[in-house]
Each structure stands twice: as C-alpha cells, then as structure tokens.
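Asker: pasting the structure only:
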C-alpha cells in the first residue's frame, strides 16, 4: 500500500489521506473527501490512481496527479474495510464488515457481482491472476472461490484459532496464513496441503509479507516483534523487537526496505540486511 521510492501514503481512523515524502520527511498533500474514518487504501499498478474506503461505507477513487476525487463507489450497507485493484486496474474488489464482497468495473463504477460469506471473514482478500479470491475466517479456515463459479467455496484447514493474516505468492504456488494460534502456515495451492508450520511468535500474527527475490517472508505479531523466515527450512533468521503494538506493515520493496507503524503513532522505514 505504501509507495516507498517517492511518496508514501497513510490512512487512519481520521477522514483524510496524507501523502508523505520519505526523504524530506514531510507531508506533501492531504486528500479530503471521506466523512468518517478511513480503513484501507490501495494504489493502482501504474500508480496514477488510489482508492480508499472506510466507516462512511464509501469507496473513493483519487487521481494522484491532480489529487482530486474521480469516482465514488456506493453500494455497501456497512463500513468498507478493504479494497484492491485487479485485472490491471479494470476491476476493483471490496469487502465490508457484513462479510459481503463486491466486484466493481472501474470504468463505469458499476457493481458487477456481490458475494456473501457465511463465515466471518477476518483478513483482507487476496486475488490471483485467474480471479480466484482467498480469505481467512474466524473458524480457523482459509477459504477461496473462483469468480467464474462464486457459489463454490473451498477451504484449507489446520489452524486452531481465527486467521488474522494471509499472503498469496502465486509465483511459488503458495499461500501463507497467520493465526491467533501464534503460528504461520504455508499451503500448497495445488494440493491444499500444509507444507510448513512456522513456530516462534508468542502472539497473534497480524501481517505477512513476501520478500521480493528471496526465499523468505516477513511476519509481524502482537508480541511486538517482526520476524524474517526462510520458507524452505521454516526457520526464523532475524528478529526485530519494537516494544510497541504494530498496526500496519507495508509490502517489502525490491531493495529490502519496508515500513511499519504502531498504535503509539510511531512510523519507521527499515531495511532487511542482505537484500
């Protein structure tokens, strides 16, 4: 969600989005339009558009060159907690607190389909190149469905508590899941089997990020640590202790940099050694 190389974008429980220059360490623009707290943002692949959603049940699209609103997607009946572009930005996927997710046409702003999960969804949605949607649930399962056959929902099972984070690595044919049972599991997307269980965290795993170009993942937990894991051995190879509760973690950049924020208002950019 955060664009590290030039400007960075932050959402919050406030109604504005702030654009930051990480080199100058100052805010360069503020986007105003929401009437209640913002819960998620996503930047298009070409980095020309941004969508935001929140407690006001709206999804707003912004032009990042003009810093103006270009479209408002309306249709969710409860707060919208997640949104993401897919199909090269021609479609948008959103999730609301009533476990409803919608697919939108970004040219027209029209909702193309609405799907309802019968189990509480506890993670963001991940979508692959074949338009298969993955999500974690309160019952400890990871469920997925094909947008071409939305009525058929399949699942991976193995965790003993709710799923709090997932990361899709399509190039590795793998999905990672983090849970309130304090473990991270690695799943084979073809067989549905669990190939590794990563143990070491002492709290719920709230974020998982694949490290580009490396056979490693980054995990953040409520135990106030961020860990680096080797996905072939299952071993933890590095630990960063924050002493603060982590509430956001950006994707890892190709040069090994990532950023994290805490509930206490701290925001730091960190580089992984050896990347």
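Answerer: Yep, it's here. Keep in mind that what you see is a predicted model, and the values were worked out from it rather than measured.
Asker: Touching stretch 222-240 from outside, list them.
Answerer: If you take Cβ atoms under 8 Å, 6 or more residues apart in numbering as the criterion, stretch 222-240 is touched by 172, 174, 182, 184, 186, 196-198, 200-204, 206, 211, 215-221, 241-246, 249, 260, 270, 272-273. C-beta coordinates here come from the backbone N, C-alpha and C atoms, glycine included.
Asker: Next one, pLDDT for the residue nearest the centre of the chain please.
Answerer: Nearest to the centroid of the C-alpha atoms of the chain, with distances taken as Cα atoms, centre = their mean, sits residue 124, at 5.4 Å. Residue-level confidence at residue 124 comes out at 89, pLDDT.
Asker: got the contact list for it?
Answerer: Residue 124 sits next to 40, 82, 84, 95, 135, 166 when contact means Cβ under 8 Å, 6+ apart.
Asker: Out of those, the closest to residue 55 would be?
Answerer: Nearest to residue 55 among the contacts of residue 124, counting by Cβ to Cβ, is residue 40 at 11.1 Å.
Asker: so how many other residues sit close to the closest one?
Answerer: When neighbours are defined as other Cβ atoms under 10 Å, residue 40 has 19 of them.
Asker: Any stretches of the stretch 51-200 of the chain with poor pLDDT?
Answerer: 150-152 (pLDDT under 70).
Asker: Sketch out the strands for it, chain order is fine.
Answerer: Secondary structure of the stretch 51-200 of the chain by DSSP state E, counting those that start in this stretch: the strands cover 59-63, 68-73, 80-86, 91-96, 100-105, 111-116, 126-127, 132-136, 142-146, 149-156, 163-169, 174-179, 183-188, 194-199.
Asker: got the contact list for the fourth one?
Answerer: Spelled out, that is strand 91-96. Applying Cβ under 8 Å, 6+ apart, the set of residues contacting strand 91-96 from outside is 51, 53, 57, 59, 73, 76-86, 101-106, 112, 121, 124-125, 127, 133, 135.
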